[in-house]
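In: Just a sequence and a predicted model for now, questions to come.
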Amino acid sequence: MKLTRFSLLSHVATPAILFATSLAAFAQEEGLLDTSDAAAAGVQGHTIWEMMKEGGPLIMFIWFCILLTSMVMVTLIIKLFIAYRVPAMAPAVLVASIREAIDAGNYQEAWEISNANKPYYARVMRGVLERIGLGKEVTENAIIENATREAQFLKSPNSYLSVIGVIAPMIGLLGTVIGMMGAFSVLGSSGVADPRLLAMRIGEVLMATASGLFIAIPAFVAYYYFRNQASLALVQVDAIVIQSVEHIPYDEIHGISIGAQFSAGAGGDNAEAATSHRVSKELTTNCPVCNNTVTPGENPCPHCNSTLDWA
C-alpha cells in the first residue's frame, strides 16, 4: 500500500513538473522570458530565502514543514541505527547478571534486575520469569508472547520513516500546486512586464517537488533497511532469551511466584511447599527456601516471606 501511494504521487507530480517546464518554454518562445545575461543574473541574484518570502506565508509554511520533516527523518535514522543492534537490545553485562542470578536459583533477583532495566532482553525476561512457576510449557509460551509484544514496540518507531516517505512528496506537491497558481497569477496580472517573477514561480514549483522527493527517497531506503536489521537482531536476542531459561529446574520450582507478588511457597499441587517449611532450631538457622540467616523461632522468613515450621 505504501509503495502504491508513492507511485501515485509520482504519477501526479510528474505531469505538473512537465507542465511547468512547458509553460517556461512557451513563455520563452513568445518573448515573455528574457534569456539575456542581465535577466539571468537578476533571477540568480535572489536567494532561496528571498524566494520563500516573496512566495508568501503559505510557501514559507510549506518549506518549514519540509525542513521539519527532514530533521525528524535524520533523527530517526540515527536513533534506529543505535537501537537495532544486538549489544543495545541485549547488553552483555545485563545478560550475564540475569543468567548468574538464574543459575544460582535467585529467580526473584533476576526478575528485579530485569524490572530495573529497559532493553528488549530485560523486558522479555521480566515477563518470562513471572511464569516459570507454572511449568516449562507455559514458560515457552511466555517467551513467544512477550517477544512478540516487545518486538512490536521496538519496531514501531521505524514505521514513522515510512510515513515520512509518504507525506514528504505530498508536501512538495502542495508547493507545486501553489507555485503554479502563482505563475498563472503573474501571467494574468503583469504579462510581459516582469518575466523574472514568472521564472521565480516556476523555480518554486521545481524546488518544492524536488525537496519532497529528496526526503522521501532516503526515508524509504532507511525504512526497509531498518526493518530487515530489526528482524535479524530480534532473532539473535530471542535465542539469548531461550538459552537463559533452558536449564531452569521447572519440577523443583513448581508453584513458585516470581514478580511483584513474590512468594517462594505458593503452589497449587505442592501443599507442603505452599503452607510450611520445617526448620529445626537445633540443626539450622538458615531459611530452607532462600538460605538466608533467620532467627530461631522467627516466622515468616524476613527475606523471602516463606512460612517456616519450627520443630
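Out: Ah, there it is.
In: can you map out the helices along this protein?
Out: Along the chain, counting by DSSP state H, helices occupy 2-29, 37-44, 48-55, 57-83, 86-89, 92-103, 107-115, 120-129, 136-189, 195-245, 271-275.
In: which of those helices has the lowest average pLDDT?
Out: Per-stretch mean pLDDT for the helices of the chain is lowest at helix 271-275 (a mean of 36).
In: what's residue 142 in contact with, if anything?
Out: Residues counted as contacts of residue 142 (Cβ atoms under 8 Å, 6 or more residues apart in numbering) are 127-128, 130-131. Any C-beta I mention is one placed from the backbone N, CA and C, and that applies to glycine too.
In: Which residue, other than its chain neighbours, is closest to it?
Out: residue 131 (4.0 Å; Cβ to Cβ, 6 or more residues apart in numbering).
In: From residue 107, how far out is that neighbour?
Out: As judged by Cβ to Cβ, to the nearest Å, residue 131 and residue 107 stand 11 Å apart.
In: So between the two, which is more surrounded?
Out: Higher neighbour count among residue 131 and residue 107: residue 107, with 23 against 20, using other Cβ atoms under 10 Å.
In: Can you verify my assumption that the more buried one contacts residue 101?
Out: Yes - applying Cβ atoms under 8 Å, one finds residue 107 in contact with residue 101, separated by 7.3 Å.
In: on that earlier part again, give the residues shared as contacts by residue 131 and residue 107.
Out: Counting by Cβ under 8 Å, 6+ apart, no residue touches both residue 131 and residue 107.
In: Please report how far residue 252 lies from residue 261.
Out: Between residue 252 and residue 261 the computed distance is 20 Å (Cβ to Cβ).
In: okay, now residue 78: neighbour count?
Out: Residue 78 has 10 neighbouring residues, counting by other Cβ under 10 Å.
In: Please report how far it lies from residue 243.
Out: Distance from residue 78 to residue 243, counting by Cβ to Cβ: 31 Å.
In: What of residue 119?
Out: Distance of residue 119 to residue 243, given as Cβ to Cβ: 16 Å.
In: Residue 287: neighbour count?
Out: For residue 287, the count of nearby residues is 22 (other Cβ under 10 Å).
In: Same check on residue 179?
Out: 26.
In: correct me, but it touches residue 202?
Out: Yes - contact criterion Cβ under 8 Å: residue 179 and residue 202 qualify, at 7.2 Å.
In: so what's the residue nearest to residue 142 up against?
Out: Residue 131 makes contacts with 138-139, 141-142, as judged by Cβ under 8 Å, 6+ apart.
In: how about 6 Å then?
Out: Contacts for residue 131 (Cβ atoms under 6 Å, 6 or more residues apart in numbering) come out as 138-139, 142.
In: Residue 111 now?
Out: By Cβ under 6 Å, 6+ apart, the residues touching residue 111 are 129, 258-259.
In: I'd like the distance between it and residue 130.
Out: In terms of Cβ to Cβ, residue 111 sits 7 Å off from residue 130.
In: shared neighbours, these two?
Out: 258-259.
In: follow-up on the earlier one: would you mind putting the contacts of residue 131 into CSV with distance to residue 225 alongside?
Out: Putting the contacts of residue 131 into CSV (distance: Cβ to Cβ, whole Å) gives the following:
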residue, distance to residue 225
138, 37
139, 34
142, 31
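In: ok, these vs residue 158, which is closest?
Out: Nearest to residue 158 among those is residue 142, at 25.4 Å by Cβ to Cβ.
In: what's the distance between that closest one and residue 180?
Out: 58 Å.
In: just residue 109 next, same as before
Out: Separation of residue 109 from residue 180 (Cβ to Cβ) stands at 67 Å.
In: coming back round to it: return the member of the contacts of residue 131 nearest to residue 223.
Out: After measuring the contacts of residue 131 against residue 223 - Cβ to Cβ - the closest member comes out as residue 142, at 30.8 Å.
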